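Student: would you be able to build a 3D model of this:
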Amino acid sequence: MQRRQYVKGAGIALAALSTAGCLGGDDGNGNGDDETETIVIGSDIPYRPFEYYTEDDELVGFDVEIAEAVFAGELGYEYEFQETAFDGIIQSLNNGNFRVIMSAMTITEDRAEQVDFSDPYFTAYQTVVVPVDSDVESQEDLRGQTVGVQRGTTGAGAADELQEEFDGDLEIDRYDQIPDAFQALLNGQVDAVINDNTVSAEFVDENGDSVRFVEGEGVAEGENAPDYLTLTVEEYGIAFRQDDDLVEDVNDALAAIRDSGEYDDIYDEYFVG
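Tutor: Below is the predicted model of the structure:
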């Protein structure tokens, strides 16, 4: 399937599962009696369309359905999501507050020194959103501007790299959650937002009269590359404490849902293929 990374809309609602126990710390690696306990998943919520609440306070999203398919469908575990700020989420994992992270987390060398990652399950790009009447038409036009980012994300890292490239001639406003950065853009408090393409695409879809992507060639190449400017190409992974023996099982489960077509079905619920 050829995939262009645009958001389609809200997906199928899923209820988080729970049992008497929670699979968090146990022996420090989360290796307890897996058969009777719940996989607790740390996640930064909301981060639509990966994880967010409906008006009925039901947790849904791409990551939520992948968790259902992997942990419940393939591995036979029960699971629940635990809302956690992204800035510090790895520390919370390593402190034993939950078993895994599923939070649209990019696999990076720095993070891989602190956690073990599953095989990649999603490709994303850092992109730039600006007001429709903005004079910003290229990466270079961001020089001297103020950009909004979410604290602790690869979007923030991409902004840091641009700031260095521009010899400091870029102001960066950091927010705890990406909806706050988007709201700052709508309020005229920042000139642009740098963030993952799929999350930004949903924001653009909902506010098309007010905002747009900066277009142009970027680092992404090939037929599956987006039509708009890309600052990075990234792969998302599920994160575990180091040496957790669940990683191999999760990799097998991810491969199984790809082979069966279930992954594509979930993908198509949230993204235009």
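
Student: following the lengthiest strand in the chain, which helix or strand comes up?
Tutor: Taking DSSP state E as the criterion, the chain has its longest strand at strand 122-131. As assigned by DSSP states H and E, the chain's next helix or strand after strand 122-131 is strand 146-150.

Student: what residues does that following strand touch?
Tutor: 86, 128, 155-156, 158-159, 162, 170-178, 180-182, 184-185, 189-195 (CB atoms under 8 Å, 6 or more residues apart in numbering). Where you see a C-beta, it was placed from the backbone N, CA and C, and this is true even at glycine.

Student: hmm, try it at 6 Å
Tutor: Contact with strand 146-150 is made by 155-156, 159, 171-175, 178, 181, 184, 190-194, as judged by CB atoms under 6 Å, 6 or more residues apart in numbering.

Student: relative to strand 122-131, how tilted is that strand?
Tutor: Orientation check (axes from the mean of the first three to the mean of the last three CA atoms, to 10 degrees): strand 146-150 against strand 122-131 gives 140 degrees.

Student: are any of the contacts of strand 146-150 buried, and which?
Tutor: Buried by 16 or more other CB atoms under 10 Å: 155-156, 159, 173-175, 178, 181, 184, 190-194, out of the contacts of strand 146-150.

Student: give me the subset of those residues that lies in helices.
Tutor: In helices, judged by DSSP state H, the following of the buried ones among the contacts of strand 146-150 are found: 155-156, 159, 178, 181, 184.

Student: so what's the residue count around residue 263?
Tutor: For residue 263, the count of nearby residues is 20 (other CB atoms under 10 Å).

Student: doesn't residue 254 make contact with it?
Tutor: No - counting by CB atoms under 6 Å, residue 263 sits too far from residue 254 to count as a contact (7.7 Å).

Student: what ranges does this protein have for its helices?
Tutor: 62-67, 89-94, 109-112, 154-165, 178-186, 197-206, 246-260, 262-270.

Student: not counting sequence-adjacent ones, nearest residue to the residue positioned nearest the centre of the chain?
Tutor: Geometric centre of the chain, nearest residue: residue 104, 2.1 Å, by CA atoms, centre = their mean. Leaving out its chain neighbours, the residue that sits closest to residue 104 by CB to CB, 6 or more residues apart in numbering is residue 50, at 4.4 Å.

Student: residues touching the one you found, list them.
Tutor: Taking CB under 6 Å, 6+ apart, we find residue 50 in contact with 61-63, 104.
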